[in-house]
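> starting from these lines, generate the structure:
(one chain, ligands or ions: 1)
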Amino acid sequence: MSRKRVGILISGRGSNMMSLIEACRKPDFPAEIAVVISNRPEAAGLERAAAAGIKTVAIDHKQFASRVPFEMRLHGSLLDHGVDLVCNAGFMRLLTGGFVDRWRDRQLNIHPSLLPALPGLDTHVRAIDQGVMIHGCTVHFVRLEMDTGPIVAQAATGVMPDDTADTLAARVLAMEHAIYPHALGLVAGGHVRIEHEKAIVSAPVGVPQTLIWPPLLTNH
Ligand code: GRF
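Numbering: from 1, shown residues only. Okay, here's the model as predicted:
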């Protein structure tokens with residue numbers, strides 16, 4: 001089995017990155033981590049990746065006059081490391097069309113909401129403010145418009161009346177750590193194709209589960 005070589009892009013603590021690194025440690029996983037690249041040299045995730053024995057690179061976006069030369073360096077580094085697939089994991093830079101097109105259908109992102117609901121920042125605060133009952137996270141292919149693109153996997157949880165943005169974020173983050181490796185495994189294993197801008201997953205699937213929230217009352 002030839003494993004896909006993955007480049008992970010981070011900007012921060014890198015907990016999703018660690019979930020991908022862990023998954024790739026399994027000998028039968030169809031991907032391996034070639035490099036972790038951060039646009040912030042101080043990102044805690046760089047140390048975590050290095051401690052896990054992964055090659056790391058810092059490319060400080062502030063050293064570049066604009067996005068395009070920064071992205072050319074980023075692209076060059078990904079090529080230098082023989083990367084087949086890019087996984088954005090808490091990568092907080094907007095990407096221009098040139099970079100997005102070069103990695104079209106080969107770049108994934110994780111977002112902490114059930115897209116297309118709540119794109120952008122502060123998703124947990126907004127979920128609570130807007131009174132949504134079901135919230136979650138999404139892994140999707142990257143397109144030019146932020147937080148859009150064919151959806152590969154999602155996970156959902158009910159929102160409790162006493163949830164805060166922090167309690168909700170913690171619950172969603174645990175789900176992120178489950179679905180990102182899952183989605184990467186599906187894509188790297190060749191089980192996902194894109195048709196008419198939808199991701200079609202051909203791997204065997206179970207029976208869809210229904211989440212009703214708040215739960216049905218048993219005495220009605
Ligand atoms: C995650 O919630 C991810 O969905 C979002 O940014 C956060 C990154 O966290 N894009 P981490 O760096 O993976 O811990």
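> now do the same end-to-end measure for stretch 112-124.
8 Å (Cα to Cα, to the nearest Å).
> quick one: the helices in the chain, in order.
Ranges of helices in the chain, per DSSP state H, are 15-24, 44-51, 67-80, 97-102, 123-129, 165-188.
> distance from the chain centre to the fifth one, please.
Read it as helix 123-129. 19 Å (Cα atoms, centre = their mean, to the nearest Å).
> show the contacting residues for the closest residue to R193 other than its chain neighbours.
Excluding the flanking residues, the one nearest R193 by Cβ to Cβ, 6 or more residues apart in numbering is I200, at 5.3 Å. Where C-beta positions appear, they are placed from N, C-alpha and C, glycine not excepted. Neighbour list for I200: V192, R193, I194 [criterion: Cβ atoms under 8 Å, 6 or more residues apart in numbering].
> just the residues you listed: which are in strands?
Per DSSP state E, strands hold the following members of these: V192, R193, I194.
> about what we covered before: dump the helices of the chain to TSV, plus mean neighbour count, distance to the ligand and mean pLDDT.
Listed next are those as TSV, based on neighbours: other Cβ atoms under 10 Å; distance: least, Cβ to the nearest ligand atom, whole Å; pLDDT from 0 to 100:
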stretch	mean neighbour count	distance to the ligand	mean pLDDT
helix 15-24	22	3	98
helix 44-51	17	6	98
helix 67-80	16	17	98
helix 97-102	15	16	98
helix 123-129	19	8	98
helix 165-188	19	5	98
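> could I get those helices as CSV with distance to L144?
As requested, the helices of the chain are exported to CSV (distance: least, Cβ to Cβ, whole Å):
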stretch, distance to L144
helix 15-24, 22
helix 44-51, 25
helix 67-80, 12
helix 97-102, 5
helix 123-129, 20
helix 165-188, 19
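> domain parsing for this protein?
1-103, 112-203 (automatic domain parsing).
> tell me the pLDDT of V205.
On pLDDT, V205 comes in at 68.
> so which residue is dead centre in this protein?
The centre of the chain sits closest to I110, judged by Cα atoms, centre = their mean, with a distance of 2.4 Å.
> could you double-check that that residue lies in contact with E176?
Yes - look at I110 against E176 with Cβ atoms under 8 Å: they come within range, at 5.5 Å.
> quick check: neighbours shared by these two?
Counting by Cβ under 8 Å, 6+ apart, the residues touching both I110 and E176 are N16, C137.
> residue of this structure closest to the ligand, please.
G90 (2.7 Å; Cβ to the nearest ligand atom).
> my read: that residue touches G14, true?
Yes - assessed by Cβ under 8 Å, G90 is found in contact with G14 at 6.7 Å.
> the residue of the chain closest to the ligand - nearest residue in space that isn't next to it in sequence?
G12 (4.8 Å).
> G149: which of the helices of the chain is closest?
helix 97-102 (9.1 Å; Cβ to Cβ).
> need the contact partners of the closest one.
V68, E71, L74, H75, Q107, V142, R143, L144.
> that's all I had, so thanks and see you.
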